[in-house]
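Novice: only geometry, no sequence info:
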């Protein structure tokens with residue numbers, strides 16, 4: 001049986017978990033650490049709809065990536081033959097999610113982290129669970145349709161997000177003269193757009209669809225712009241830990257080849273959800289993710 005412990009939105013991890021992490025330190029052998037503590041720490045993002053966010057009713061982490069992590073937790077418990085395993089959820093954001101893994105504060109992270117060469121120098125990734133494209137969220141009445149319409153305007157990008165580089169490159173190579181400001185997390189970036197402080201919020205398209213669906217007036221916003229990149233989202237964990245990686249990769253491959261991942265995808269991306277005001281994101285699976293299910297691999301093209 002898996003016991004779940006959560007923290008309130010924005011709060012620090014509760015005392016018992018803090019004591020556990022303070023005494024455990026950074027472990028190269030994650031399975032041994034989990035076996036000795038009977039606890040696994042899962043990093044999650046509080047506003048990355050529909051991947052990882054706080055449910056308004058239960059106040060617990062939910063979402064496509066969170067459910068995937070719950071499958072990983074089950075696989076770890078089975079591998080270690082533990083009668084019970086406590087799950088502690090640690091809130092992270094785009095700025096501190098990698099340090100949380102590297103420093104041993106979280107054992108695995110579930111959200112919208114893109115597998116990139118620079119990040120692979122610090123952490124390891126499993127097989128991607130989504131492939132996003134960089135677009136932008138704007139107000140419907142803004143008359144902004146594509147990147148050239150942002151000439152001379154202010155835009156916000158969530159701090160630490162991989163989209164920063166591709167948007168910065170577009171800004172410099174095309175002479176758009178945009179002003180780029182940071183948002184602490186996706187929700188803060190969205191609020192800045194909502195308040196009219198910025199003209200656009202570039203990010204992975206699916207995150208933008210999720211934020212729009214949760215808005216008080218979804219029709220007031222639209223996702224526009226030619227895609228600037230293809231970004232493979234994957235759960236991350238510590239580097240140089242082949243035993244733990246094997247457990248996670250094996251479970252992810254099983255989910256893909258068994259059809260379970262497709263069912264989970266359809267649940268969060270193609271059917272109405274209370275989290276989206278009982279609407280559906282209505283996003284068909286991308287051909288890149290669909291094709292990857294035939295031959296699951298953690299190797300990506302970036």
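Specialist: Ah, there it is. Because the structure is predicted, anything quoted here is derived from the model rather than measured. Numbering: from 1, shown residues only.
Novice: phi, psi for the closest residue to residue 45 other than its chain neighbours please.
Specialist: Nearest non-adjacent residue to residue 45, counting by CB to CB, 6 or more residues apart in numbering: residue 111, 3.9 Å away. The way it works is simple: take the backbone N, C-alpha and C, and place the C-beta from them, glycine included. Backbone torsions of residue 111, given as degrees, to the nearest 10, read phi -170, psi -120.
Novice: ok, for residue 251, nearest residue in space, not its chain neighbours?
Specialist: Once flanking residues are discounted, residue 251 sits nearest to residue 75: 3.9 Å by CB to CB, 6+ apart.
Novice: ok, so what distance separates that neighbour from residue 110?
Specialist: Distance of residue 75 to residue 110, given as CB to CB, to the nearest Å: 14 Å.
Novice: which residue is the nearest non-sequential neighbour of residue 298?
Specialist: residue 127 (5.0 Å).
Novice: return the distance of stretch 202-215 from the chain's centre.
Specialist: Taking CA atoms, centre = their mean, to the nearest Å, the mean C-alpha location of stretch 202-215 is offset from the chain mean by 12 Å.
Novice: more neighbours: which of residue 75 and residue 110?
Specialist: residue 110 (31 against 17; other CB atoms under 10 Å).
Novice: so what's the more buried one up against?
Specialist: Counting by CB atoms under 8 Å, 6 or more residues apart in numbering, residue 110 touches 42-44, 51-52, 63, 65-66, 68-69, 235.
Novice: kindly report the same for residue 254.
Specialist: Residue 254 touches residue 260, counting by CB under 8 Å, 6+ apart.
Novice: assumed it was part of a helix.
Specialist: Yes: counting by DSSP: H, G, I helix; E, B strand; the rest coil, residue 254 falls inside a helix.
Novice: isn't residue 113 up against residue 233?
Specialist: Yes: counting by CB atoms under 8 Å, residue 113 does reach residue 233; the two are 6.4 Å apart.
Novice: in terms of neighbours, single out the busier of those two.
Specialist: Counted by other CB under 10 Å, residue 113 and residue 233 do not tie: residue 113 has more neighbours, with 30 against 26.
Novice: residues in contact with that one?
Specialist: 97-98, 119, 125, 233-236 are the contacts of residue 113 under CB under 8 Å, 6+ apart.
Novice: ok, now how distant is the closest residue in space to residue 277 that isn't next to it in sequence from residue 220?
Specialist: Spatial nearest neighbour of residue 277, excluding adjacent residues (CB to CB, 6+ apart): residue 213 at 6.6 Å. Here the criterion is CB to CB. By it, residue 213 lies 12 Å from residue 220.
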